[in-house]
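Visitor: Okay, sequence plus prediction incoming.
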Amino acid sequence: MSRFETRPERPLPHSDEFSSADEYVDSLLHFTAKSELFRFLCGGVHILDFFTTEPGLFVSAIPQEWQDYLLQNAPMVLLDFLMRDDLSAVSAVPGAPPESLIQYAKDIRRLSLQRSFHPSRPKLPVLARPVALGMKTKKVHEVTHFASYIDRLSGDIARVSGSELTHFVDFGSGQNYLGRALASPPYNKHIVGVESKEANMAGAKDLDILSGLAEREKRVRNKKLYHRIRNTVDPSLQNDEEALKRAAKELGLSDDDIATIDLRSRKQMQATYAVEEGKGTIEYVVGRLEHADLTGVLSQLRGHEDQVRQQDLRMMAISIHSCGNLSHFGIRSMILNPCIRAVAIVGCCYNLLTEKLGPPTYKIPLSRPSLQPINARVARESEKRDPQGFPMSERISTYDTDGIRLNITARMMACQAPQNWTEQDSDGFFTRHFYRAVLQKMFLDKGVISRVCHGQETGAQSPFNSSTNPVIIGSLRKQCYASFQAYVRGAITKLTTNSDFGQYSHTIKEKMGAITDAEIGQYEAAFRSRKRELSAVWTLMAFSACVVESLIVTDRWLFLREHPDIVRDCWVETVFDYRESPRNLVVVGIKR
């Protein structure tokens, strides 16, 4: 297979500064493995410990020559410099950033995969209104473009291979928006939706009925008896089958009479799918995928007992934003299952990926000791050494002998999409993180949490030889973010009344129960001038993490390329407008 119509000119959308994908990969891996500052910003910054040591994380870790520039510029001005300004001309203006910061910005830009999107067709089929039910604007954009992309790609595969694909397996189908569009005209594909949550599947079937792809199961019932029973139960129980059965027996109805009444609620009725020549179909498989072997999925398909049919299956694994390791399962499925002939996977939720390599055996100068909160999974997940986790490829798993790791902090930052930040949104989450950081400082001062020393204890405490065992609070009600006082009061209430935080309740009441509004105000006043430190570091983190996402996507492409006996062609390209959907890179693989 020399090339497909849908394939971009190069297998990775890398910067024009690189002459080939291999040159880009070499530079990407060298930078992510060797740049101490990058590794600190992508995995070493813990917001909860931002103010728990003095002079603080900003002064301790950010190059001194950068600090004045970072603090003097408003967050959106800093973001423009990092992501949009012409860096070749910025050094000539008054108040220019230091050259080392300019070079760092250039490095991140050139190593970030290019995200510009140019639709291959000027006009795509519009989703019919019944098919688009339940979709927000973002989802309509994604489904419209990806359904058309899958249709073109599968057509190219059929022309080159001489055989049509028979099914499209959606890993983590959710409400099945993509599958419903592909099963409907003009595409009429045969879809297999794999979903672990039965509630999602039930919702998807309801939408299938509303879109005309399925019909609700028909039933014949004795309506007179049915309404008589319903009128005897509480309105809140009128859709409860067991409550209706009890009411029927209390009315003295015989089992034969009850048998003539279908007491199931409308939502309990099964959806039925007709199979017609030339029309698309949908099948659902309930199950939580723990690996890429689809034997269990195939065994649930219609006609699975027909062995000839099984041998004739030619399927493509697809997904829009499958969470965490589901993307890995989808990509691996082409290697492990003879019937999977192609994959087209758009990933997301990098923070939900597991880790394959475990904690590093070395410490770089700017490495941060891991926080060890009682109620979080950071250490537990990194110790699992999950063979299904990141990285997938041998190239990255064994790079420089020890491999390249991305902890949960780095992977979470890769989901931030800084190009889409607005001033209002930025101020909102900078404020939330500022509140979180100052509250942890209060917890430390009050004895709610303690300082944990790492390695050999010395007289001087720094962010690099100590951390805290913080309290992970999670989200609070919207009104709790109206002020720092409201935030502190809301956090104390949650920690002392929510059963999930029982281990903290007594300590919080003892240490924080008598805190006054005046004392809370003193903490806010003491740190208010340092909020810009936090926003500057968070902005640098999100900008740097563009390379983290590029590394994850490149790892998936490398994994496919490492199987040349099975994979005939593989590439990465954009399929959505970044402004509408920033996780817009699809990983494509075609089987020999």
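Guide: Ah, there it is. Residues are numbered from 1 along each chain as shown.
Visitor: contacting residues around residue 428?
Guide: Contacts for residue 428 (Cβ atoms under 8 Å, 6 or more residues apart in numbering) come out as residue 481. From N, CA and C alone the C-beta is placed, and that goes for glycine too.
Visitor: oh sorry, the question was meant for residue 29
Guide: 395-396, 399, 404, 551 are the contacts of residue 29 under Cβ under 8 Å, 6+ apart.
Visitor: now with 7 Å?
Guide: Residues near residue 29 by Cβ atoms under 7 Å, 6 or more residues apart in numbering: 396, 399, 404.
Visitor: Kindly report the same for residue 48.
Guide: Neighbouring residues of residue 48 by Cβ under 7 Å, 6+ apart: 371, 436-437, 440, 470.
Visitor: how about 8 Å then?
Guide: Residue 48 makes contact with 371, 436-437, 440, 468, 470, 472, according to Cβ under 8 Å, 6+ apart.
Visitor: and which of the contacts of residue 29 is nearest to residue 110?
Guide: residue 404 (18.3 Å; Cβ to Cβ).
Visitor: Test my guess that the closest one contacts residue 551.
Guide: Yes: the criterion here is Cβ atoms under 8 Å, and residue 404 meets it with residue 551 at 7.2 Å.
Visitor: what about the two, which has more around it?
Guide: Between residue 404 and residue 551, counted using other Cβ atoms under 10 Å, residue 551 has the larger neighbour count: 28 against 21.
Visitor: Do a quick rundown of the strands in the stretch 251-400 of the chain.
Guide: 271-272, 281-286, 315-323, 340-348 (DSSP state E, counting those that start in this stretch).
Visitor: Could you save those as CSV and add columns showing mean neighbour count?
Guide: Converted to CSV, the strands of the stretch 251-400 of the chain look like this (neighbours: other Cβ atoms under 10 Å):
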stretch, mean neighbour count
strand 271-272, 16
strand 281-286, 20
strand 315-323, 25
strand 340-348, 25
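Visitor: Which among those strands is found nearest to residue 23?
Guide: Closest to residue 23 of the strands of the stretch 251-400 of the chain, according to Cβ to Cβ: strand 340-348, at 24.4 Å.
Visitor: Indicate each strand paired with the closest one and its parallel or antiparallel sense.
Guide: Sheet pairing for strand 340-348, assigned by DSSP bridges, gives strand 315-323 (parallel), strand 585-591 (antiparallel).
Visitor: Can I get that strand in CSV? Just the C-alpha atoms.
Guide: Extracted in CSV, the C-alpha atoms of strand 340-348 (Å, rounded to 0.1, in the frame of the first residue of the first chain):
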residue,chain,number,x,y,z
ILE,A,340,-9.3,-6.0,13.0
ARG,A,341,-8.0,-4.7,9.7
ALA,A,342,-7.5,-1.0,10.7
VAL,A,343,-7.7,1.4,13.6
ALA,A,344,-8.5,5.1,13.8
ILE,A,345,-8.3,6.3,17.4
VAL,A,346,-8.6,9.8,18.9
GLY,A,347,-7.5,9.6,22.5
CYS,A,348,-8.0,11.8,25.5
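Visitor: Pull out the buried members of the contacts of residue 48.
Guide: Among these, those that count as buried by neighbour count (16 or more other Cβ atoms under 10 Å) are 371, 436-437, 440, 468, 470.
Visitor: middle-most residue in the chain, spatially?
Guide: The residue lying closest to the centre of the chain (Cα atoms, centre = their mean) is residue 349, at 1.4 Å.
Visitor: what's the closest non-adjacent residue to it?
Guide: residue 323 (4.1 Å; Cβ to Cβ, 6 or more residues apart in numbering).
Visitor: hey, what's the one you found bridged with?
Guide: Using DSSP bridges, the beta-bridge partners of residue 323 come out as residue 348.
Visitor: what about it, distance to residue 197?
Guide: 11 Å (Cβ to Cβ, to the nearest Å).
Visitor: what's the answer for residue 466, then?
Guide: Counting by Cβ to Cβ, the gap from residue 466 to residue 197 is 41 Å.
Visitor: Of these two, give the one with the bigger neighbour count.
Guide: Legend: neighbour count by other Cβ under 10 Å for residue 466 and residue 197, higher for residue 466 (20 against 12).
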